[in-house]
Every structure is written in structure tokens, then in C-alpha cells.
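Peer 1: got a predicted structure here, sequence first:
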2 protein chains.
Amino acid sequence: MMELTRKGEYAIRGVIYLARLPQGKVALISEIAEATRVPQTFLAKIFQSFAKLGLVNSYRGTGGGFVLGRPAAKISLREVVEAVEGPIMPNRCLMDEGTCEFGETCMVHPVWRKVQSQVEQILDSVTIEELTK
Amino acid sequence: MMELTRKGEYAIRGVIYLARLPQGKVALISEIAEATRVPQTFLAKIFQSFAKLGLVNSYRGTGGGFVLGRPAAKISLREVVEAVEGPIMPNRCLMDEGTCEFGETCMVHPVWRKVQSQVEQILDSVTIEELTK
DNA sequence: AAATTTAAGACTAATTCGGTCCGAAAGGTA
DNA sequence: TACCTTTCGGACCGAATTAGTCTTAAATTT
């Protein structure tokens, strides 16, 4: 239960790779993919979506590639994970308040709430910068 | 991320239903399925596997059905969840120690370890009995 | 023997996962 | 201008997982 998908793993590896680069260094997707042992086209997709979110900056053409959008110390593991996997959501009843089929009588609801907030807290407290060491 | 499947939801609902019954009352799978609004054949599969694990006892023939295998106070939410979803495992690198592709240099490993133990702890601390109230 | 109820296993449709492929667009270079 | 490089966007695809169904068999009771 609760497994991170490969997409999530790959995303984390890729971002850590970028974070380890010297300040301002632009990396080709081919370079990142090779270094992290991730299928290139797949990683490209992931990074394209990250570019939209501002998590990374991308540049096209010769000399182009990817750079972190912010200092690694200002990117949390949670941000990266949620960017690819969607929100931490142990049970769909936590999404729309009231989707819970049995409404107020759902006693499990608060438990999932707690799981959710605990996991969020753990992932919030880890920065990408810490993961580069 | 980290979503319980329907199977997990159904299992929890079914077990709670059993726990709410008067001591020793045997319930038909058709009755449980209807009450919890779960497809009957699907719930039957779930309960069959629970019977093997001793989580419930089953009886065939007229007057047969299902009963909890133990007092609800002695069944944790974790047990029920893991029985259907498998172990709490935020990342496959936590399974076989050493599957972690980048071995000792995987800095994310301890984070997943922490997530795992926190979630386990939360689910361990909730009994089915508490959920019946 | 007949009716009831769970057990076991094969089967299936829909969705998600884990990618690939290709043409277009943007930017650099000669 | 023409050409090269590199990301962007979208369609596509096979395999695995999810969410069930269906059928036949095996207990148990009446």
C-alpha cells in the first residue's frame, strides 16, 4: 500500500541531480536521464510538467536544457512528489468534504486525515538540498 | 498519492459492520454487502481471504455466514488494511534492503522509512472497536 | 434429497502505469 | 537565410492493476 510510482522516483532523482550541479549550470535532458538511469523520453515528460510549474526552468536550442527554478533549499520533497503524484490523499473521502459515503458517521475519516497530515509534514520538512548530501 | 483502493474501503466497511453486530451474531454476505453498499461478489472474495487469515470465521449452509474472528477491540485498522492492500510501503526500495538502486547514497530512503513507520503507528493505534462508535 | 451458503478459480472490462514516437516550435549558429 | 539543436505537445501503445463477474464445487442444515 501507498507506493510511490516510478514517475515519482524518477522525478526525485532528476531534481536531486539538478540540485547537485554547480549554480546556474544547464543540463541536457539526455545527460540527466543517463546519469539517473531513467528512460529519457519519460523523464522529458516529467521535466516538461515541472517547467510549467516553475519547479525547473527550461531553455531550448543549442546550449539549452534544464535548471532548478529555485534554490534547492527552497524546494521541499513534498512539492516534487505532489507535482507528479498529485496530493497526498490516503482516501478519496478526504477530497471533497462530503464525498464520504456515510457522511458524519464515517469514523475512519479522522484517521485518514491524520495519516495525510503526518505524511505531509514529513515530506514538507525535507528539502531537496538536504537530499544532495 | 497513497490512495486506499476500493477493496480496502470495502473491507473496512464490512469489518465495521460485523463489529457492530451483537456478540456472536452471524451475518450473511448478502446482508453485509447490502448494508455497506458494496458489490456482493466482490465483498465475498474479500471476506473469503479474511477467513483464511482468521480475521473472520465463516460458516456454510443454512444459518451460515460470517462473524469476527476476534473481539473488535483486538483487531487494528492496520491489520485490516494490510490484509487487503499488502504492507505499508511508500517506496519499493524499502522492501528488499539493497534494492535501492543507488545503495548507500540514496538519501531519500530514511524519509520513506519514517513515512512508513508513522503510518503504521497511526493505523496500529486504531481498533475496529473504536470505529464502531 | 433438497435448499442454503460459503469456497475456489477462471474470466473480463476499465483504468492506470510506464513508457515510445513524431511533428512542431523555439532558440542558436553560420 | 538555412540549418542545427533542444524542448514542447500530443497521440499512441503494451503491460499491469483494479474492480469486479460468473460458474462450479463443497459444506452444512433441514
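Peer 2: Perfect, I can see it now. Bear in mind the structure is a predicted one, so any value in this text is a computation, not a measurement. Numbering: from 1, shown residues only, chains lettered A, B, ... in the order given.

Peer 1: contact residues of chain A facing chain B?
Peer 2: A:1-4, A:8-9, A:12, A:16, A:37, A:77, A:81-82, A:85-92, A:101, A:107-108, A:111-112, A:114-115, A:118-119, A:122-123, A:126, A:130-133 (C-beta under 8 Å from any C-beta of the partner chain). Yep, even glycine has a C-beta here, placed from its N, CA and C like the rest.

Peer 1: give me the buried subset of those residues.
Peer 2: Among those, those buried by neighbour count (16 or more other C-beta atoms under 10 Å in any protein chain shown) are A:1-4, A:8-9, A:12, A:16, A:77, A:81-82, A:85, A:88-92, A:107-108, A:111-112, A:114-115, A:118-119, A:122-123, A:126, A:131-132.

Peer 1: quick one: low-confidence parts of chain A?
Peer 2: Across chain A, the ranges flagged by pLDDT under 70 are A:95-105.

Peer 1: can you pull out the strands in it?
Peer 2: Ranges of strands in chain A, per DSSP state E, are A:56-59, A:65-68.

Peer 1: spatially central, which residue of chain A would that be?
Peer 2: A:Val80 (1.8 Å; C-alpha atoms, centre = their mean).

Peer 1: for that residue, give me its contacts.
Peer 2: Applying C-beta atoms under 8 Å, 6 or more residues apart in numbering or on different chains, one finds that A:Val80 lies in contact with A:11-12, A:15, A:55, A:128.

Peer 1: residue numbers of chain A in contact with DNA strand D?
Peer 2: A:28-30, A:41, A:44-45, A:47-48, A:51-52, A:58-66 (C-beta under 7 Å from any atom of the strand).

Peer 1: return the subset of those lying in helices.
Peer 2: A:29-30, A:41, A:44-45, A:47-48, A:51-52 (DSSP state H).

Peer 1: between all of these, which two are at the greatest distance?
Peer 2: Taking C-beta to C-beta as the measure, those reach their widest spread between A:Ser30 and A:Lys52, a distance of 20.6 Å.

Peer 1: count of neighbours near A:Leu53?
Peer 2: A:Leu53 has 12 neighbouring residues, counting by other C-beta atoms under 10 Å in any protein chain shown.

Peer 1: ok, how many other residues are close to the nearest residue to it once chain neighbours are set aside?
Peer 2: Spatial nearest neighbour of A:Leu53, excluding adjacent residues (C-beta to C-beta, 6 or more residues apart in numbering or on different chains): A:Ala83 at 5.7 Å. Using other C-beta under 10 Å, A:Ala83 has 18 neighbouring residues.
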